[in-house]
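**Student:** task: produce atomic coordinates for the following.
(2 chains)
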Number of protein chains: 2
Amino acid sequence: MRKETTAFTILAAEPKTRARCGRLETGRGVIQTPVFMPVGTSGTVKTMTPDELKGLGSEIILCNAYHLYLRPGHKLVSEMGGLHRFISWDGPILTDSGGYQVFSLAGMCKVTDEGATFQSHLDGSHHFFSPESIIEIQEALGADIIMTLDECIPYPSSPAATREALERSVQWAERCRRAHKRPDQLLFGIIQGGFYPDLRREAAIRTIELGFEGYALGGLSVGESRPMMLEVVERVIPMLPEDRPRYLMGVGMPEDLVESVIRGVDMFDCVIPTRHARTGWLFTSFGRVIIKNAQYAKDDTPIDPACDCYTCRHFSRAYLRHLFMAQEILALRLNTIHNLHYYFRLMQGLRQAILEGRLIEYRDEFYHRRVES
Amino acid sequence: MRKETTAFTILAAEPKTRARCGRLETGRGVIQTPVFMPVGTSGTVKTMTPDELKGLGSEIILCNAYHLYLRPGHKLVSEMGGLHRFISWDGPILTDSGGYQVFSLAGMCKVTDEGATFQSHLDGSHHFFSPESIIEIQEALGADIIMTLDECIPYPSSPAATREALERSVQWAERCRRAHKRPDQLLFGIIQGGFYPDLRREAAIRTIELGFEGYALGGLSVGESRPMMLEVVERVIPMLPEDRPRYLMGVGMPEDLVESVIRGVDMFDCVIPTRHARTGWLFTSFGRVIIKNAQYAKDDTPIDPACDCYTCRHFSRAYLRHLFMAQEILALRLNTIHNLHYYFRLMQGLRQAILEGRLIEYRDEFYHRRVES
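**Tutor:** Alright, predicted model coming up:
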């Protein structure tokens, strides 16, 4: 039985948009929404210590059940006292079910109604995920929010293939729901359905019928255009129960976050701020800074003069470029600090704008400040 | 003219050994000796922020004139306000003259009395270092302690080759001495002479005659045995003026530091703690921990239960092994923090033992605590 009460409370709804500010309670602390969750694939947000993440304002991190199952193994993590203790992060954690990774990263993947057989991207060994086993894995890891197993399909896919994956994702969601026992974890359902409005609609209705603590939109940011992605968000969000958090998986760029918050999304995760940092792509209010560019070689100013992150308070573009060109690890760290700080400040700005009822103005300023688009 | 007063003050001399505790004053702060200087080759102690280094107890760092000359260029660093400002480290810096790098790292190296022509290890481009140019480079970088240009020879080398290099190193030291103008920098002379007692003796006498703020032993830790290295230290140290700091370049392992401090060395630099950290070799009071070893896969204890570094306070061997196997950058950071902490604590212990007149006992305990040797 689902609890009658919900862990999610809406603090404010923006009158002119679908956006809302909320708080999501977990056993390990409260998350203010809309929230961005940095990705800690293998039990570490790359280059960062837990303390640094806290300092930057991270209230929750995401880890991947797929990666942790393969290495070091969910049973080992469980023996070591669970994921929080293992990685020394005492705040909330969300684990992704591994559906996306099985279909995108694994060497070979064969799907039946029973589950997915796949090859490890690490050593080619064969593995099998079922809805029941992925719940067992996520219960062993012990995250505060866990996800159902879904079937992810390539973009584009035919209506027939999309329907087949939808059927399976709904059935798997139901089996996950039944298998899930830990009362201290919130289980979120994932809505698939590709880019066919009827199928998304059906997936939403059937997933909501099953009853979850939150609902995620899956299968987006897979190669489609931004308008296509936002069209799905616009179509599905109004179908979701008001009192449950809405999570747009794997998205995205700062403009994606702004536009999706306006359309009612509460939660995001994406590797972009951290991965882009490691390629020298830095986010600022006036657009991107590609730090390796020669124009920064003698630039004594910080990445963003208006930014108060550790990197911008201490280091010049010239030094950051030098570190990057010399392939120094410190470059990856300082860039990651800056980009995560940018993302957390953006989310903070969005939450504040919602509370003040000026989200559209905030979006307009967001675009206006950009030199390049 | 050399200043009559010296920047170096001896606080205590150990009665039973040659060891002493001192303080070396620079324009950017006081260094307590014996001191270990972490190596920040290209203007960053790999993986670490300046704040972290300070927090660990680093009072001075070493940077390489050779690397910074090649990339980003000493003129660029000077334009950016000097090395301290460029890398955001406001404590003392020592720059190595580049002699060692020219002879060990560079693609091709041709030496004449005038100087050394070499190929960049980065792009094969041709360059020329003279005693005058290396002083110009180090003045542009602006370190607090700078080194003379010396000729480094392979091990083993014949007496004739060793003598030739000695002659050049002495002549170059004199030219460096004449070329050096910045009164805010301490210039140290480097004593060469290989493993021939007469030549080391001659090099020491002639270098001391030139008069420097400190004296370095060069050309050690080049492949010789520990007893051979310590024999040179034992022979040369008593020849050096008491009131000048003695710096053993590029050494070494913890036992090298202990034995050399006993023999009167005041300053050390070495890549071992940081480089070994990145290969998963961790130093502890009971010997080394090779973190990738399978025995640590389910080891819930810290690297060293007696260690109070950030890594040991927060993370288990099992997690550190996982991070290392997954090639996560955080592994390199946490390992570096631990190893540097170990080195700084070791130096602190040595200083304390000198002040208390119990250095031999400290050494005996140091060996006794080790499980393996």
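
**Student:** drop to CA atoms for contacts and neighbour counts, all remaining ones
**Tutor:** OK.

**Student:** so how far is stretch A:129-144 off the chain centroid?
**Tutor:** Remark: stretch A:129-144 is offset 18 Å from the chain centroid, using CA atoms, centre = their mean, to the nearest Å.

**Student:** close to chain B, is it?
**Tutor:** No - between stretch A:129-144 and chain B, judged by CA under 8 Å from any CA of the partner chain, nothing touches; the nearest distance is 13.8 Å.

**Student:** contacting residues around that stretch?
**Tutor:** Residues from elsewhere that reach stretch A:129-144 (CA atoms under 8 Å, 6 or more residues apart in numbering or on different chains): A:26-28, A:65, A:69, A:74-75, A:77-78, A:82-84, A:92-95, A:97-98, A:114-117, A:146, A:148-149, A:172-173, A:175-176, A:179-180, A:182, A:184-186.

**Student:** how about stretch A:63-81?
**Tutor:** A:39-44, A:83, A:86, A:93-99, A:101-102, A:120, A:134, A:137-138, A:140-142, B:298, B:300, B:322, B:326.

**Student:** measure residue A:303 to residue B:231 for me?
**Tutor:** Plainly put, residue A:303 is 52 Å away from residue B:231 if you go by CA to CA, to the nearest Å.

**Student:** more crowded one of these two?
**Tutor:** With neighbours defined as other CA atoms under 10 Å in any protein chain shown, residue A:303 and residue B:231 compare such that residue A:303 has more, 27 against 14.

**Student:** next, the angle helix B:329-355 makes with the helix or strand where residue A:347 lies.
**Tutor:** Taking DSSP states H and E as the definition, one finds residue A:347 inside helix A:329-355. Helix A:329-355 and helix B:329-355 are oriented at 120 degrees to each other (axes from the mean of the first three to the mean of the last three CA atoms, to 10 degrees).

**Student:** coming back round to it: of the contacts of stretch A:63-81, buried ones?
**Tutor:** Neighbour-count burial (16 or more other CA atoms under 10 Å in any protein chain shown) applied to those gives A:39-44, A:83, A:86, A:93-99, A:101-102, A:120, A:134, A:137-138, A:140-142, B:298, B:300, B:322.

**Student:** where do the strands of the stretch 51-200 of chain A begin and end?
**Tutor:** For the stretch 51-200 of chain A, the strands defined by DSSP state E, counting those that start in this stretch occupy A:61-64, A:93-96, A:109-111, A:116-119, A:126-129, A:145-147, A:186-191.

**Student:** what would these look like in a markdown table with mean pLDDT?
**Tutor:** Shown next, in a markdown table, are these (pLDDT from 0 to 100):
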| stretch | mean pLDDT |
| --- | --- |
| strand A:61-64 | 98 |
| strand A:93-96 | 98 |
| strand A:109-111 | 94 |
| strand A:116-119 | 96 |
| strand A:126-129 | 96 |
| strand A:145-147 | 98 |
| strand A:186-191 | 98 |
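
**Student:** nearest to residue A:211, out of those?
**Tutor:** strand A:186-191 (8.1 Å; CA to CA).

**Student:** picking up where we left off before, and the helix holding residue A:347, does that touch chain B?
**Tutor:** Yes - judged by CA under 8 Å from any CA, helix A:329-355 comes into contact with chain B through A:329, A:330, A:333.

**Student:** who wins for neighbours among the residues you listed?
**Tutor:** Counting neighbours by other CA under 10 Å, the top entry in these is residue A:333, with 23 neighbours.

**Student:** got the contact list for that one?
**Tutor:** The neighbours of residue A:333, taking CA under 8 Å, 6+ apart as the test, are A:47, A:48, B:47.

**Student:** nearest to residue A:242 among those residues?
**Tutor:** Using CA to CA, residue A:48 is the member of the contacts of residue A:333 that lies nearest residue A:242, at 34.7 Å.

**Student:** quick one: mean pLDDT for stretch A:231-238?
**Tutor:** Throughout stretch A:231-238, pLDDT has a mean value of 97.
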